[in-house]
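# got a predicted structure here, sequence first:
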Amino acid sequence: MIIAIDGPAAAGKGTLARRIAAALNLPYLDTGLLYRAVGRRVLDVGADPANPEAATAAAKSLTPTDLARTDLRGGPADKAASQVASIPGVRAALLEFQRHFGTANGAVLDGRDIGTIIFPDADVKLFVTASLQARARRRHAELLGRGDDVTLEAVQADLAARDEADANRKAAPLVAAADAMLLDTTAWDADAAFAQAMALIKARTK
Ligand code: CDP
């Protein structure tokens, strides 16, 4: 079974996807990490993440070690990930890995284009959203918990800029698949979002 979970930044896709994967005993892939690792590699060599040649070369030479790095989250990594993600060569280089990951035993994958491009025939598609304010509050708490010294206003501005770039790019823009089920988690905590998602999955797969 393939479960595709898409949505804007900090909507709680990762937490939700991890819990669904554990409950259904499926492998889980956080596809945002792939773009984050590519962005990091480009920054490491001093190149511009918006440069198609540099970013595509980094995507083609990605290794599992890159995905295990501990510096893939936070301001510069977030921005670089979003920049490399708009480059078609980068997306093409990462496509096969994502499809292969899910094909053997099924999987839960979260990202922006899982239900539209990577697995258009996924068994279940969830589009997880929340208001910009709710997402900014959650990401702000997460960053403070990690020891990052950022203001709520700065986090909200970053999320808004990234959503805008992700939704308006030509290559695999952030959009809900026509057959995706919408999950607005603005008023829910992680437990409520998980319960609602499991109910939708059961209804769709019974
Ligand atoms: O955790 P958060 O929602 O902030 O971001 P993420 O899911 O780790 O994704 C980081 C960036 O990678 C996003 O802003 C997108 O530009 C890009 N991305 C994408 O284009 N396609 C995916 N399937 C996953 C992430």
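Received it, and whenever you're ready, just let me know what you need.
# spit out the contact partners of residue 132.
Counting by CB atoms under 8 Å, 6 or more residues apart in numbering, residue 132 touches 156, 159-160, 163. (C-beta placed from N, C-alpha, C; glycine too.)
# for the chain, just list every one of the strands.
Taking DSSP state E, the strands of the chain run over residues 2-6, 28-30, 107-111, 124-129, 181-184.
# nearest to residue 143, out of these?
For the strands of the chain, proximity to residue 143 was assessed by CB to CB; strand 28-30 is nearest, at 17.3 Å.
# can you put the contacts of residue 132 in TSV and add neighbour count, distance to the ligand and pLDDT?
Output for those, formatted as TSV (neighbours: other CB atoms under 10 Å; distance: CB to the nearest ligand atom, whole Å; pLDDT from 0 to 100):
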residue	neighbour count	distance to the ligand	pLDDT
156	18	13	97
159	22	7	94
160	15	12	95
163	19	8	92
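# show me which residues of the protein sit near the ligand.
Those residues of the chain that sit near the ligand, judged by CB under 6 Å from any ligand atom, are 9-10, 14, 31-32, 35-36, 81-82, 85, 111-113, 162, 166.
# out of the residues you listed, who's the most crowded?
Among the residues of the chain next to the ligand, residue 85 has the most neighbours (other CB atoms under 10 Å), with 30 neighbours.
# how far does stretch 126-133 sit from its chain's centre?
The chain centre lies 12 Å from the centre of stretch 126-133; the measure is CA atoms, centre = their mean, to the nearest Å.
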